[in-house]
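Colleague: What follows is a predicted protein model with its sequence.
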2 protein chains.
Amino acid sequence: MAGQKKDGKAAVPDKSLWERLEQPAAPRASLSLERIGAVAVEVADAEGFAAVTMRRLATELGVAPMAAYRHVSGKDDLWALMAERVAAEHRIPEELTEWREVLRAFALLTRDMMLRHPWVGQLPTALFVLTPGRMAIAERQLAALDGLGLDEDAMMMAFRTVSSYAHGAASSEVALRDWTESEGWSSGAETRMGLAPQMTYLMDTGRYPTYQRYGRRSRRKDDATWMYETGLECVLDGIAARLGI
Amino acid sequence: MAGQKKDGKAAVPDKSLWERLEQPAAPRASLSLERIGAVAVEVADAEGFAAVTMRRLATELGVAPMAAYRHVSGKDDLWALMAERVAAEHRIPEELTEWREVLRAFALLTRDMMLRHPWVGQLPTALFVLTPGRMAIAERQLAALDGLGLDEDAMMMAFRTVSSYAHGAASSEVALRDWTESEGWSSGAETRMGLAPQMTYLMDTGRYPTYQRYGRRSRRKDDATWMYETGLECVLDGIAARLGI
DNA sequence: GTTGGGATGTGTACGGCGTATCTAGATGCG
DNA sequence: CGCATCTAGATACGCCGTACACATCCCAAC
């Protein structure tokens, strides 16, 4: 067995992806999980998630199209490597101990990370949990919520609530930014002036009066940071109030 | 012009997708946006998002592979139709008037919808905002927040905070459900017993003590509804407190 | 020193995808 | 009737993921 079918067919080794990722790179191998993941992230950062193809990676790595399959089982493993790589960028300062500060820092770092790597929202959502780096982040949050008299369910609920908010808010922010940029507008104002035809049509139906009033009267329409941070404080307030911490 | 290049090349008409969607179906056409969207949703519900290909749709519609391009510009339009179709399922009861009830109903309906159509989380995130049905939902929320003395920015912030939480929480719930099912487990307990090799490895590293304690001591580990609803109440509490409503 | 086997990368090929472009038939209008 | 217009079909191109068989290289055992 061990990554080798009886007839000599090539395959990825037996050990789990994460175990292999932590092992030192094989001595006489031009490829490694580290290198594959790094290049995948580079390509995605530069040209978008869709540009990350096995063939493109092979070109970038200076290797034949099928070479990477010795190391990853396919695109699933590849995506997992990408998720792990960006998760490892999270560095919540050690000094922070108060639960609210830790959870806030986590949410702010998540947004920064997703603005830096806008393709992250296109990864399968399960990778937001099931990666060593993501689990380390969760562990840090849970530890910060420990010793406050909460039961395990409440601790997990608090963490997951913040995490859900952060993921949802950051991905919609990124999606809207990508969309306005893809339409060739560079500011919120421009966006609203040269509205895409479909938006103009929708607004002109007059079905969205409150929404239109927001468009005319809002003073912070383009301040995504304010929106994100204010929403985050609400979420933290609510957790504190409901859990009595 | 008008959907026709000078040399007779076929193309989708000029009017926006949404305008065409509302028009009555063309008299002598076997295809319509309605029918295309309906079939796309059916295929996605039955076999997953990846099964929705232009060719598969053509087969399902009893039509040549390129026929649908007369009506949609490509997969982008198709996805927009799918998003609009599931958005139209949201029916927030007319009787609800209190802001908190309206926002709560919206969040609960969002979760139900995503559990019913697990592929929704794989749509481009921008479609969670920029569709007529999604805008109608937003309008309803904003209207419920109107007249409480909030300024436009606060109203939008409240709505977006709930919407971000709902989207994030529901998509991670769906992703985890899909993942455990794809591994062939049918309950949370089974999931934890026959843990995937990669998870066993991670847990065995001993790096996640608090997480492991949660695994051992949690009493609501498999109660996704409790988790979602409790988190939602936190979010609503926080909004109420911060905005003084 | 030779040899054999596992690890590593290569070459070739298949079936499916999105979609550009051309062609053909039906329909309504002068 | 004749013609523009709308609709769908046919064909084809260049990508994609990846299965599979093969070549190479290095180390270990003899």
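Modeller: Looks like it arrived, so ask away. Residues are numbered from 1 along each chain as shown, chains lettered A, B, ... in the order given.

Colleague: For the rest of this, base every contact and every neighbour count on C-alpha atoms.
Modeller: Will do.

Colleague: ok, then the element right after the lowest-mean-pLDDT helix or strand in chain A?
Modeller: Least confident helix or strand, chain A: helix A:188-193 with a mean of 61, by mean pLDDT, DSSP states H and E. Following helix A:188-193 in sequence order, the next helix or strand is helix A:197-204 (DSSP states H and E).

Colleague: what's the average pLDDT for that following helix?
Modeller: Helix A:197-204 comes out with an average pLDDT of 84.

Colleague: Show me what the helix or strand following it packs onto, helices and strands only.
Modeller: Heading C-terminal from helix A:197-204, the first helix or strand you meet, by DSSP H and E, is helix A:209-217. Applying 3 or more CA pairs under 8 Å, 6 or more residues apart in numbering or on different chains; DSSP states H and E, one finds that helix A:209-217 contacts helix B:132-144, helix B:152-182.

Colleague: Where does the prediction get shaky in chain A?
Modeller: Flagging of chain A using pLDDT under 70 yields the residue ranges A:1-10, A:187-195.

Colleague: how about a cut-off of 80?
Modeller: Applying pLDDT under 80 to chain A picks out residues A:1-11, A:13-14, A:25-28, A:182-198.

Colleague: Show me what residue of it gets nearest to chain B.
Modeller: Distance from chain B to each residue of chain A (CA to the nearest CA) is smallest for A:Gly238, at 3.8 Å.

Colleague: And what about that residue, helix, strand or coil?
Modeller: Following DSSP: H, G, I helix; E, B strand; the rest coil, we place A:Gly238 in the helix state.

Colleague: residues touching the residue nearest the centre of chain A, list them.
Modeller: Most central in chain A under CA atoms, centre = their mean is A:Val120, positioned 3.9 Å from the mean C-alpha point. Shown in contact with A:Val120 (CA atoms under 8 Å, 6 or more residues apart in numbering or on different chains): A:Ala83, A:Met114.

Colleague: How is A:Val39 assigned, secondary-structure-wise?
Modeller: With three-state DSSP as the basis, A:Val39 sits in helix.

Colleague: thought the residue of chain A closest to chain B was touching B:Thr230?
Modeller: No. Judged on CA atoms under 8 Å, A:Gly238 makes no contact with B:Thr230 at a distance of 10.4 Å.

Colleague: These two: which is more packed in?
Modeller: A:Gly238 (25 against 18; other CA atoms under 10 Å in any protein chain shown).

Colleague: Skipping adjacent residues, who's closest to that one in space?
Modeller: The spatially closest residue to A:Gly238, leaving aside those adjacent along the chain, is B:Gly238, at 3.8 Å (CA to CA, 6 or more residues apart in numbering or on different chains).

Colleague: Hmm, the one you found is touching A:Leu232, no?
Modeller: No. Contact criterion CA under 8 Å: B:Gly238 and A:Leu232 do not qualify, at 9.3 Å.

Colleague: Could you verify my assumption that A:Val235 touches B:Val235?
Modeller: Yes. In this structure, A:Val235 is within contact of B:Val235 by CA under 8 Å, at 4.9 Å.

Colleague: correct me, but A:Leu103 touches A:Gln141?
Modeller: Yes. Here A:Leu103 lies in contact with A:Gln141, judged by CA under 8 Å, at a distance of 6.4 Å.

Colleague: between these two, what contacts are shared?
Modeller: Any residue near both A:Leu103 and A:Gln141 by CA under 8 Å, 6+ apart counts here, and that gives A:Phe159.
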